[in-house]
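S.K.: any chance you could fold what I've pasted below:
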Amino acid sequence: QEAIKNGTTFIADSVNSVGGKDQSTPFSNILKNLQTTVSNDNEQQSNPWGDDDDAETEETSYATFGDKDVTNQQEINMVDSHTATDEDSGSTSNPLLMSTSIKALNRPPWTEKFEWHPREKPLLLADSSRITTDKVISGSLLLTNKYLYFHPRQLSGGLSMQAKTKGSTVISLHDRRWNLRTLKDVYGRRYMLQNCAIELFFADASDVFFTFESLQEMQKFYRVLRHQQTPLAKLPSNLNPRILVRNSSITDTWKRRQISNFEYLMRLNMLAGRSYSDVSQYPVFPWVIADYKSDKLDLSGETPGVFRDLSKPMGALNPDRLNETREKFANFDEDTPLNQRFMYGSHYSSVGVVVFFMLRQEPFTSLAINMQGGRFDQPDRLFFDVGEAWQNCNDSTSDVKELIPEMYSCPEIFMNTNNLPLGTLQNGAQK
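M.R.: As a prediction, the model looks like this:
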């Protein structure tokens, strides 16, 4: 939100300005859309941290520590005591787990395959699920003063479970361990519209996304994690995305042209709660080019129609479609509650949008087949032409999708290198 206020013109300024000529276009609507939902009746669920004026709600609703969480102050003090004495004394006691409400933890048997550090002690064991692009794996999450462990029990969800074809891929589940000394960043996440998840980024491994049974369980985990030694990460006391953006220098860095538009948008996506691990909350990137018919493009900004108007969402770019959409909204029955009326019946980002663009790359190829009951969709409904996709997003009343980062960073999504049998279009062209 703070980035929206301070940087409404700089992205288009960077894209459209050549030779010092300023052709800036506000980008505020697109940035705001990073945290909005399909329709107005979902708005309060999508922003559970409250309004800007409600500072107390904003400060305490996601993850709070210290005096604002008095009931857990004793537990925090125990964690402080543990981290202060463990390395020096080598004591086998665990002050955190000596609380009358928490039983002392023994080393779980499933961790015996890992070499245990001489001074390593278990701090917290919780039921958790690991979220990946196509799977939800339920299991046990163990946090020690040295490592983070995950013991998978079963595949409990995800698009990979929708496979109906014979010989579906057998998923092998393995115990995993991550070194806390390589932890770089931690972000609070929503999962299934609930603030109960967390995503951790490591210097020597890919990011991991865990969901807990409740917000309180997630807070307890983060509270203990935050008091461990993580030399590469300075963990914030609050995981509220709005506060993280406000305290970040990312917008000033972008204004000074020290990072690219791509990197700036990726960081905003991360701060806003979007993740590559959760395909339902995939990072969002905007359409920028609007001319897909000319052989050459004038990128100086002198020729109208080359760049998309970034001051408007996709659903408002076509005046005729916008009027039709407004009429549809006005024609709802009077008996329909206002919070159940909507202008757009589809979303600018969804699982279907991601799979549509990423069709030619795994695991999205398998996801596309699973979503269609074991086969590819009709050829004319598959992603084949960027210009046609842009035109459809401007003309169709049911298509207002934006793009994904791979459209600007991964040319492989445009090539059928795996020779997939995508079929033939009605005009005879091969997919």
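
S.K.: if you average the pLDDT over the helix or strand hosting residue 137, what comes out?
M.R.: Element membership for residue 137 (DSSP states H and E) is strand 136-144. For strand 136-144, the mean per-residue pLDDT is 96.

S.K.: packing partners of it?
M.R.: When contacts are defined as 3 or more Cβ pairs under 8 Å, 6 or more residues apart in numbering; DSSP states H and E, strand 136-144 packs onto strand 122-131, strand 147-157, helix 215-226. Glycine gets a C-beta too; all of them are placed from N, C-alpha and C.

S.K.: got the contact list for it?
M.R.: 108, 110-111, 120-130, 148-158, 173, 210, 221, 224-225, 228 (Cβ atoms under 8 Å, 6 or more residues apart in numbering).

S.K.: make it 7 Å
M.R.: Strand 136-144 is contacted by residues 108, 111, 120-130, 149-158, 173, 210, 221, 224-225 when judged by Cβ atoms under 7 Å, 6 or more residues apart in numbering.

S.K.: try stretch 397-411
M.R.: Residues outside stretch 397-411 that contact it (Cβ under 7 Å, 6+ apart) are 262, 266, 282-287, 314-315, 321, 324-325, 344-346, 348-349, 353-354, 357-358, 392-393, 413.

S.K.: also stretch 182-194?
M.R.: Stretch 182-194 has contacts (Cβ under 7 Å, 6+ apart) with 45, 62-63, 131, 195, 197-204, 209, 211, 230, 232-233, 235, 239, 270, 273, 275, 278.

S.K.: now which of the residues you listed would you call buried?
M.R.: Buried by 16 or more other Cβ atoms under 10 Å: 62-63, 131, 195, 197-202, 209, 211, 230, 233, 239, 270, 273, 275, 278, out of the contacts of stretch 182-194.

S.K.: starting at the chain centroid, how far to stretch 317-333?
M.R.: Relative to its chain's centre, stretch 317-333 lies at 31 Å (Cα atoms, centre = their mean, to the nearest Å).

S.K.: buried ones in that stretch?
M.R.: Buried-residue list, stretch 317-333, by 16+ other Cβ under 10 Å: 317-318, 321, 325.

S.K.: check stretch 367-384 too.
M.R.: In stretch 367-384, counting by 16+ other Cβ under 10 Å, buried: 367-370, 376-377, 379, 382-384.

S.K.: mind checking which of those land in helices?
M.R.: Using DSSP state H, the members of the buried residues of stretch 367-384 that fall in helices are 367-370.

S.K.: so which of those residues is the closest to residue 251?
M.R.: residue 367 (34.5 Å; Cβ to Cβ).

S.K.: any idea how far that closest one is from residue 418?
M.R.: Per Cβ to Cβ, to the nearest Å, residue 367 is found 14 Å from residue 418.

S.K.: quick one, helices of the stretch 201-350 of the chain?
M.R.: Per DSSP state H, counting those that start in this stretch, the stretch 201-350 of the chain carries helices over the ranges 215-226, 241-247, 250-255, 261-272, 319-330.

S.K.: export those to a markdown table and tack on mean pLDDT and distance to residue 405?
M.R.: Shown next, in a markdown table, are the helices of the stretch 201-350 of the chain (pLDDT from 0 to 100; distance: least, Cβ to Cβ, whole Å):
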| stretch | mean pLDDT | distance to residue 405 |
| --- | --- | --- |
| helix 215-226 | 96 | 26 |
| helix 241-247 | 88 | 18 |
| helix 250-255 | 95 | 16 |
| helix 261-272 | 95 | 7 |
| helix 319-330 | 92 | 26 |
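
S.K.: for the ones you listed, which one sits closest to residue 388?
M.R.: Each of the helices of the stretch 201-350 of the chain has some distance to residue 388 by Cβ to Cβ; the shortest is helix 319-330, at 16.5 Å.

S.K.: can you list the residues that contact the closest one?
M.R.: Identification of contacts with helix 319-330 by Cβ under 7 Å, 6+ apart yields 315-316, 341, 343-344, 395, 397.

S.K.: what's the first helix or strand after that helix?
M.R.: Assigned by DSSP H and E, the successor of helix 319-330 is helix 351-357.

S.K.: output that following helix in CSV with nothing but the alpha carbons.
M.R.: Provided in CSV are the C-alpha atoms of helix 351-357 (Å, rounded to 0.1, in the frame of the first residue of the first chain):
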residue,chain,number,x,y,z
VAL,A,351,-5.1,-21.5,-11.1
GLY,A,352,-6.6,-21.7,-14.6
VAL,A,353,-4.7,-18.6,-15.7
VAL,A,354,-1.4,-20.0,-14.5
VAL,A,355,-2.0,-23.4,-16.1
PHE,A,356,-3.1,-21.7,-19.3
PHE,A,357,0.2,-19.9,-19.8
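
S.K.: so which elements touch it?
M.R.: Helices and strands touching helix 351-357, as assessed by 3 or more Cβ pairs under 7 Å, 6 or more residues apart in numbering; DSSP states H and E, comprise helix 364-371.

S.K.: other SSEs contacting the helix it packs on?
M.R.: The contact analysis (3+ Cβ pairs under 7 Å, 6+ apart) places helix 364-371 against helix 351-357.
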